[in-house]
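Engineer: when you get a sec, could you give me coordinates for this:
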Amino acid sequence: MAIPWSSRFAVGLLLSLLICNADAAGQLATYWGQNGNEGTLASACQSGLYNIIMISFLSVFGNGQTPVLNLAGHCDPASGTCTGLSSDITTCQSLGVKLLLSIGGGAGSYGLSSTDDAASVAAYIWDNYLGGTSSSRPLGPAVLDGVDFDIESSDGASYYGSLAADLRQYNGGLILGAAPQCPFPDANLGPNLSGSALSSNLFNYVWVQFYNNPPCQYVSDASNLLAAWQQWTSALPSAQILLGLPASSDAAGSGYVSPSTVISDVLPQIKGSSNYGGAMLYSYYYDQSSGYGAAIKPSL
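Structural biologist: Modelled structure (predicted):
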């Protein structure tokens, strides 16, 4: 007897969450794509440091706009020069590195105007970056592993939960990540705002940005950070929560914490959380010069 589509979707989602959650503790994630001097995507994967890399950013989408990928100085999607990344993506995946398309970012023109708009954006992402088909795939034929929501614009915040659900309907095993700011709840992603994305419990990973927000980042001690960490881990028990940090003092306006301090004062206090997942560093470019990831990875 054939299994109904709804049942197959539910089983796929459950397996995705269980597999990702089982493997998540101690992982290191980073963002790649916003500095043309950071080297290739393949080199980031071949470093052996990262379990997850977010390709950033799809910075224009929604509200009837034609989506646009911005990879800074790496390549130009409009002229087709980013399709060469397909071989890098294959290399990364052969090394066990998960690759997510990061949508949003701190600059760009994006938002959602309705559930229909969210469905349209989901279809575009599926056809052009995931398992669908399109004649104009910006990264070539390679298939990414999922999508990261780095939503820093409030335009259409109530519809990102619909976008997440629509993406899940294409593939229950799709990996979904989110990058909320540490003030709880995040103004754009929630989780306890009506209709917000993180209220959906569809996300495998949530890398909370503990920087550029003094009330919940490390200042003179870890107290503010730990209080916010407790809020996030308690509110999202089905997701793996990662400690998001800048990889150098130049990577953020505030919130830089030295690797030695993270190792001695932060990690011992957060690793006991049942949904602790590791750390996220912004970004690969800064981590290359600072060596931050190499310093903390053995302690994750």
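
Engineer: please save the CA atoms from stretch 214-222 in CSV.
Structural biologist: Extracted as CSV, the C-alpha positions of stretch 214-222 are listed here (Å, rounded to 0.1, in the frame of the first residue of the first chain):
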residue,chain,number,x,y,z
PRO,A,214,25.5,44.4,24.5
PRO,A,215,22.5,43.5,26.7
CYS,A,216,22.9,39.8,25.8
GLN,A,217,26.5,39.4,24.7
TYR,A,218,29.7,38.8,26.7
VAL,A,219,30.8,42.2,28.2
SER,A,220,32.9,41.9,31.3
ASP,A,221,31.7,38.4,32.2
ALA,A,222,29.4,35.8,30.7
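
Engineer: give the buried residues for it.
Structural biologist: Across stretch 214-222, burial judged by 16 or more other CB atoms under 10 Å covers Cys216, Gln217, Tyr218, Ala222. Where C-beta positions appear, they are placed from N, C-alpha and C, glycine not excepted.

Engineer: same question for stretch 273-287.
Structural biologist: Buried residues in stretch 273-287, counting neighbours by 16+ other CB under 10 Å, are found at 273, 275-287.

Engineer: I'd like these laid out as a markdown table, including secondary structure and distance to Ser135.
Structural biologist: As requested, the buried residues of stretch 273-287 are exported to a markdown table (DSSP: H, G, I helix; E, B strand; the rest coil; distance: CB to CB, whole Å):
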| residue | secondary structure | distance to Ser135 |
| --- | --- | --- |
| Ser273 | coil | 45 |
| Asn275 | coil | 41 |
| Tyr276 | strand | 43 |
| Gly277 | strand | 37 |
| Gly278 | strand | 38 |
| Ala279 | strand | 39 |
| Met280 | strand | 34 |
| Leu281 | strand | 36 |
| Tyr282 | strand | 34 |
| Ser283 | coil | 31 |
| Tyr284 | helix | 30 |
| Tyr285 | helix | 32 |
| Tyr286 | helix | 36 |
| Asp287 | helix | 36 |
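
Engineer: what secondary structure does Ala42 sit in?
Structural biologist: Under the three-state scheme (DSSP: H, G, I helix; E, B strand; the rest coil), Ala42 adopts helix.

Engineer: now the phi/psi pair for the spatially closest residue to it that is not a sequence neighbour, please.
Structural biologist: In this structure, Ala42 finds its nearest non-sequential neighbour in Asp88, 4.1 Å apart by CB to CB, 6 or more residues apart in numbering. Main-chain torsions, Asp88, degrees, to the nearest 10: phi -60, psi -40.

Engineer: Asp88 is in contact with Gly33, isn't it?
Structural biologist: No: checked against CB atoms under 8 Å, the pair Asp88 and Gly33 is beyond contact range at 11.4 Å.

Engineer: who has more neighbours out of those two?
Structural biologist: Neighbours around Asp88 and Gly33, counted as other CB atoms under 10 Å, are more numerous at Gly33. The numbers are 28 against 22.

Engineer: mind jotting down where the helices sit in the stretch 201-300 of the chain?
Structural biologist: Remark: helices assigned in the stretch 201-300 of the chain by DSSP state H, counting those that start in this stretch are 223-235, 259-261, 267-270, 284-290, 292-296.

Engineer: with just CA atoms, put the first one into CSV.
Structural biologist: This means helix 223-235. C-alpha atoms of helix 223-235 as CSV (Å, rounded to 0.1, in the frame of the first residue of the first chain):
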residue,chain,number,x,y,z
SER,A,223,26.3,36.6,32.8
ASN,A,224,24.3,38.4,30.1
LEU,A,225,25.2,35.8,27.5
LEU,A,226,24.3,32.9,29.7
ALA,A,227,20.9,34.4,30.6
ALA,A,228,20.1,34.8,26.9
TRP,A,229,21.4,31.3,26.1
GLN,A,230,19.0,29.9,28.7
GLN,A,231,16.1,31.7,27.0
TRP,A,232,17.0,30.4,23.6
THR,A,233,17.7,26.8,24.6
SER,A,234,14.5,26.6,26.7
ALA,A,235,12.3,28.1,24.0
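
Engineer: can you name every helix or strand that that helix contacts?
Structural biologist: Packed against helix 223-235, as judged by 3 or more CB pairs under 8 Å, 6 or more residues apart in numbering; DSSP states H and E, are the following elements: strand 205-209, strand 240-246, helix 267-270.

Engineer: save those as JSON lines, and put in mean neighbour count, distance to Ala164 and mean pLDDT too.
Structural biologist: As requested, the helices and strands packed on helix 223-235 are exported to JSON lines (neighbours: other CB atoms under 10 Å; distance: least, CB to CB, whole Å; pLDDT from 0 to 100):
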{"stretch": "strand 205-209", "mean neighbour count": "27", "distance to Ala164": "12", "mean pLDDT": "98"}
{"stretch": "strand 240-246", "mean neighbour count": "26", "distance to Ala164": "16", "mean pLDDT": "98"}
{"stretch": "helix 267-270", "mean neighbour count": "16", "distance to Ala164": "25", "mean pLDDT": "98"}
